[in-house]
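Engineer: Provided below are the primary sequence and the corresponding predicted coordinates.
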Amino acid sequence: MSPKAKTVYRCTNCGADHPKWAGRCDICGEWNSLVEEMAVPRASSTASGRRVQGQRSMAEGGSVAPTPRLRDIKSSAGRRLKTGIKEFDFVLGGGIVPGSMVLVGGEPGIGKSTLLLQVAGRLQELGHSTLYVSGEESALQVKLRAERLHGSAEDVALLNETLLETIIATAGSQRLDAIVIDSIQTVFTSDLEGAPGNVGQVRECAARLMRFAKETETTVFAVGHVTKGGGIAGPKTLEHIVDTVLYFEGEGMLEHRVLRATKNRFGSVDEIGVFRMTEEGLIAVENPSELFLGDRLHNSSGSAVTALLEGTRPVLIEIQGLAAKAGYGTPQRVSTGYDARRLALLLAVLDKRAGLSFSQLDVFLNVVGGVRMQEPAGDLAVASALASSVYDRPVANSAIFLGEVGLGGEIRPVSQTERRLGEAGKMGMTTAYMAERGIPKRGTRGIEIVGVRTINDLFRQLFNG
C-alpha cells in the first residue's frame, strides 16, 4: 500500500500555505478561503546559492524532454470524431477532438445526462468505444434512460464509481475513445481528505482527468453542477483547465434547449445548438429561426423581428411588447429575456426623442422562446414593438429591424449585417429597417433595405407620421 500523499491547506485568495485548516487566512485575512491541495515543494528564492542548489537537484531528478519544432507537429484537426448529432458537432467546432476535455454545465433536470448518453450511444454505434461513469445514478436509472432513447445507448459500457483512481485504472485498462463523467462534483481522490465536491477535490480530479485525456488521446466529457448564479460550481480554475465549456440552457416549461459554447480551444466561442426535448430524448433543431417564429400571429400589434448573432449563426427572434394603462399608482416595467436597465433607457429615449410617454403605462417586454438578448442589435426591434403597441398598429410581418438605439435617438449600425440579412431572406423577410450607415454595399436579393437615421424617421416610415 503506497503512503498517502502529503497535503496542505492553500488560500485561494493569496496562495499562502497552512499546515491545517482554519476559518481565516493568517496572511491576507480572507475568510473561508483555505482548501486542501496536494503539497508541492517550492524552490527557495532567499539566496542565489539556494536557487542554484535547487536547480541542480531538479536537474538531477528530472529527465531531458524533447523539444520538437512547431512545424513538425502533426495537426489533429482532420481527426475529429463525428457523433451524427449535427447541432452538437457544430457547437464543438465540427466534431470531437481526440484527447480533449469538455465540461457541460446546466440547471438540474435540463437534460445534461440525456444529451451525453445520446452522444455516448452515437459514438458506440459508429465504432468508437465509450465508457459512461455514473456517480449520481444507479445502473438501473441509467438503463431506464437508455431505453427511452430506443436502445441507441444500450451498448455503452457503464461504471458506477466515484473514486478517481478506480476510474482512471479502469479506463486505462481498455482502449477507449471517450469517457463520460457524470458528474465531476461526485468524483474524489483518496489523496485528499476533503469531501467530494469541494474546491480541492474538484480541481485535483479535473487536472488528473485532463492529463489522462492528453496522454491517452481519450476524449473526456464531464458534467458540472451550477450554482444559484448560473456558473459552474467549484473553483473558477475548473473552466481554465478544460478545453471546452458548454452550457445547456432552457426553461423547464419549454420544450427546446440551447447548448452554448463559452470556451472552445478547437473552435469559435458563443456558438449555439438548439435541441427539442421529447420523450425519446433530445432532437436537434437545424433551423432555430423557424422554431422561434413558428407561432407568430399575423397582423398583431406589439410584435417585431430582429436577427441576433449567436457565435457565427444568425437567428431570427420575435420581440413582443405590450403597453397598457397602469392599474396602480406606479407603472410596472417587466422584461423577460432583456436587460431591465436597457429597457428603462429605451423608454426614456422614446419619451424624450419620439414623444411617446410611458409614465402612465405598464410596459411588458418578452423575447419569445426563452432566449436572452444581450447584444444591442435588437434595440430597434424593441422600440418598434413598444411603439406598435402604443399606437395599436401592427408592423409588417415580413419586416426585420436591425440597429442599436443611442441616447440621442440616433440609430447605429450593427456588425455582420450581410449574414443577418441572409438568414432573414431564407425566412421570407422582404423589408429590412436599419441604420443608413450600415447598409451593405452589395444588396441582398429579395430584401428591400430601408435606411433610417433616427427613431422619428423610423416611426414616420412605419406609422405614416
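Structural biologist: Good, I have the coordinates. Numbering: from 1, shown residues only.
Engineer: for the nearest residue to N299 once chain neighbours are set aside, which residues are in contact?
Structural biologist: Using Cβ to Cβ, 6 or more residues apart in numbering and skipping residues adjacent in sequence, the residue nearest N299 is P394, 5.1 Å away. (C-beta placed from N, C-alpha, C; glycine too.) Taking Cβ atoms under 8 Å, 6 or more residues apart in numbering as the contact definition, P394 lies against 299-303, 388.
Engineer: can you map out the helices along the stretch 201-350 of the chain?
Structural biologist: 237-241, 288-293, 340-354 (DSSP state H, counting those that start in this stretch).
Engineer: name the helices or strands packed onto the first one?
Structural biologist: Counting contacts by 3 or more Cβ pairs under 8 Å, 6 or more residues apart in numbering; DSSP states H and E, the secondary-structure elements packed against helix 237-241 are strand 101-106, helix 199-216.
Engineer: among the ones you listed, show me which one is buried the most.
Structural biologist: When you average the neighbours per residue for each of those (mean count of other Cβ atoms under 10 Å), strand 101-106 leads with a mean of 26.
Engineer: sorry, back to before: turn the helices of the stretch 201-350 of the chain into a markdown table, including mean neighbour count.
Structural biologist: Conversion of these to a markdown table gives the following (neighbours: other Cβ atoms under 10 Å):
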| stretch | mean neighbour count |
| --- | --- |
| helix 237-241 | 16 |
| helix 288-293 | 20 |
| helix 340-354 | 17 |
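Engineer: nearest to L407, out of those?
Structural biologist: Taking Cβ to Cβ as the measure, the helices of the stretch 201-350 of the chain were each checked against L407, and helix 340-354 came out nearest at 6.2 Å.
Engineer: mean confidence score for that closest one?
Structural biologist: Model confidence over helix 340-354 averages 95 on the pLDDT scale.
Engineer: same check on stretch 290-307?
Structural biologist: Per-residue pLDDT values across stretch 290-307 average out to 84.
Engineer: which of the residues in it are buried?
Structural biologist: Counting neighbours by 16 or more other Cβ atoms under 10 Å, one finds that the buried residues in stretch 290-307 are 291-293, 301-307.
Engineer: so how far is that stretch from its chain's centroid?
Structural biologist: Chain-centre distance of stretch 290-307: 25 Å, with Cα atoms, centre = their mean, to the nearest Å.
Engineer: am I right that the residue nearest to N299 sits in a helix?
Structural biologist: No: with DSSP: H, G, I helix; E, B strand; the rest coil as the criterion, P394 is assigned coil and is not in a helix.
Engineer: distance check, G93 against L309.
Structural biologist: 17 Å (Cβ to Cβ, to the nearest Å).
Engineer: ok, now G302?
Structural biologist: Summarising the geometry, the distance separating G302 from L309, computed by Cβ to Cβ, is 24 Å.
Engineer: before we move on, back to that, got the helices and strands packed on helix 237-241 as JSON lines, with distance to H256 and mean pLDDT columns?
Structural biologist: Conversion of the helices and strands packed on helix 237-241 to JSON lines gives the following (distance: least, Cβ to Cβ, whole Å; pLDDT from 0 to 100):
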{"stretch": "strand 101-106", "distance to H256": "14", "mean pLDDT": "94"}
{"stretch": "helix 199-216", "distance to H256": "30", "mean pLDDT": "92"}
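Engineer: for the ones you listed, which one sits closest to L421?
Structural biologist: Counting by Cβ to Cβ, L421 lies closest to strand 101-106 out of those; the figure is 32.6 Å.
Engineer: check which helices and strands the helix or strand following the closest one is in contact with.
Structural biologist: Following strand 101-106 in sequence order, the next helix or strand is helix 112-125 (DSSP states H and E). If you count contacts as 3+ Cβ pairs under 8 Å, 6+ apart, helix 112-125 packs onto strand 101-106, strand 130-134, helix 139-148, strand 178-182, strand 219-224, strand 281-285.
Engineer: report all helices and strands that the longest one contacts.
Structural biologist: Packing partners of helix 139-148 (3+ Cβ pairs under 8 Å, 6+ apart): helix 112-125, strand 130-134.
Engineer: tell me which residues are up against that helix.
Structural biologist: Around helix 139-148, the neighbours that count as contacts under Cβ under 8 Å, 6+ apart are 113-114, 117, 121, 132, 134, 152-154, 156, 158, 160, 279-281.
Engineer: circling back to that earlier point, filter the contacts of P394 down to the ones in strands?
Structural biologist: When DSSP state E defines the strands, the subset of the contacts of P394 inside them is S303.
Engineer: out of the contacts of P394, who's nearest S335?
Structural biologist: Proximity of the contacts of P394 to S335, judged by Cβ to Cβ, is greatest for G302, which lies at 13.7 Å.
Engineer: now do R445 against I27, distance only.
Structural biologist: With Cβ to Cβ as the criterion, R445 and I27 are 66 Å apart.
Engineer: helix, strand or coil for the residue nearest to L126 when sequence neighbours are not counted?
Structural biologist: Nearest in space to L126, with sequence neighbours left out and distances taken as Cβ to Cβ, 6+ apart, is G84 at 6.9 Å. When states are read from three-state DSSP, the local structure at G84 comes out as coil.
Engineer: is it true that G84 touches Q124?
Structural biologist: No: under the contact definition of Cβ atoms under 8 Å, G84 does not touch Q124, with a separation of 11.3 Å.
Engineer: these two - which one has more neighbours?
Structural biologist: Q124 (21 against 14; other Cβ atoms under 10 Å).
Engineer: and that one, what pLDDT?
Structural biologist: Listed pLDDT for Q124 reads 93.
Engineer: okay, now P413: neighbour count?
Structural biologist: 17.
Engineer: ok, now which ones touch it?
Structural biologist: With contacts taken as Cβ under 8 Å, 6+ apart, P413 has the following neighbours: 403-404, 434-435, 437-438.
Engineer: find the nearest non-adjacent residue to L386, please.
Structural biologist: By the measure of Cβ to Cβ, 6+ apart, the closest residue to L386 outside its immediate chain neighbours is G321, 4.2 Å from it.
Engineer: could you dump the helices and strands packed on helix 112-125 into a markdown table and include distance to T237?
Structural biologist: Converted to a markdown table, the helices and strands packed on helix 112-125 look like this (distance: least, Cβ to Cβ, whole Å):
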| stretch | distance to T237 |
| --- | --- |
| strand 101-106 | 12 |
| strand 130-134 | 22 |
| helix 139-148 | 30 |
| strand 178-182 | 17 |
| strand 219-224 | 13 |
| strand 281-285 | 30 |
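Engineer: now the residue nearest to N299: phi and psi?
Structural biologist: Recorded main-chain torsions at P394 are phi -70, psi 150, according to degrees, to the nearest 10.
Engineer: out of the helices and strands packed on helix 139-148, which gets nearest to M373?
Structural biologist: The stretch from those with the least distance to M373 (Cβ to Cβ) is helix 112-125; that distance is 24.3 Å.
Engineer: angle of that closest one against helix 139-148?
Structural biologist: Following axes from the mean of the first three to the mean of the last three Cα atoms, to 10 degrees, one obtains 70 degrees for the angle between helix 112-125 and helix 139-148.
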